[in-house]
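J.: Return atomic coordinates for the entry below.
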Amino acid sequence: MPARRPRKGNRRIDAAIDHFGAMGYAARDIRAVVADLLKVYGGPGPDVWRVLEEGSYELVQNRIFEIEEEEKQKQDQQLLLEYHQQQDGQQVEDEPPQVG
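T.: Numbering: from 1, shown residues only. Model (predicted):
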């Protein structure tokens, strides 16, 4: 039995998923990034796909890196906030009791 042809509308997204999946990215994350970029550049027309596919998906990769950096900054900010809250709590505990 011959191999089934992929659904017509999905070939390009499947190629992007294959490309980034080999790098360890989840298919849902690739779909989300590509969908957002398609919206930004005016829809899923052939010209927009060519832009996304240029340079081995350089535009998509750059957006993925931006998202990863944003997530890292959020995590760093959360850790810093937790650290400061912990330090504030210790300072209160370390202060000698007030004698009146």
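J.: what stretches of this protein score poorly on pLDDT?
T.: Counting by pLDDT under 70, the chain shows low-confidence ranges at 1-10, 91-100.
J.: Okay, helices next: where are they in it?
T.: Listed in chain order, the helices of the chain (DSSP state H) span residues 11-21, 27-40, 46-94.
J.: Next, format those helices as CSV and append mean neighbour count.
T.: In short, each C-beta sits where N, CA and C put it, glycine included. Compiled in CSV, the helices of the chain are given as follows (neighbours: other C-beta atoms under 10 Å):
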stretch, mean neighbour count
helix 11-21, 16
helix 27-40, 15
helix 46-94, 12
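J.: Just give the closest residue to the residue nearest the centre of the chain, not the sequence neighbours.
T.: In the chain, the residue lying closest to the centroid (C-alpha atoms, centre = their mean) is residue 67, at 4.0 Å. Leaving aside its sequence neighbours, residue 67 sits nearest to residue 33 (C-beta to C-beta, 6 or more residues apart in numbering; 7.0 Å).
J.: I'd like to know how far that neighbour sits from residue 39.
T.: Look at residue 33 and residue 39: by C-beta to C-beta, to the nearest Å, they are 11 Å apart.
J.: quick one on the thing from earlier: wait, the residue nearest to the centre of the chain sits on residue 30?
T.: No. In this structure residue 67 lies outside contact range of residue 30 using C-beta atoms under 8 Å: 11.2 Å.
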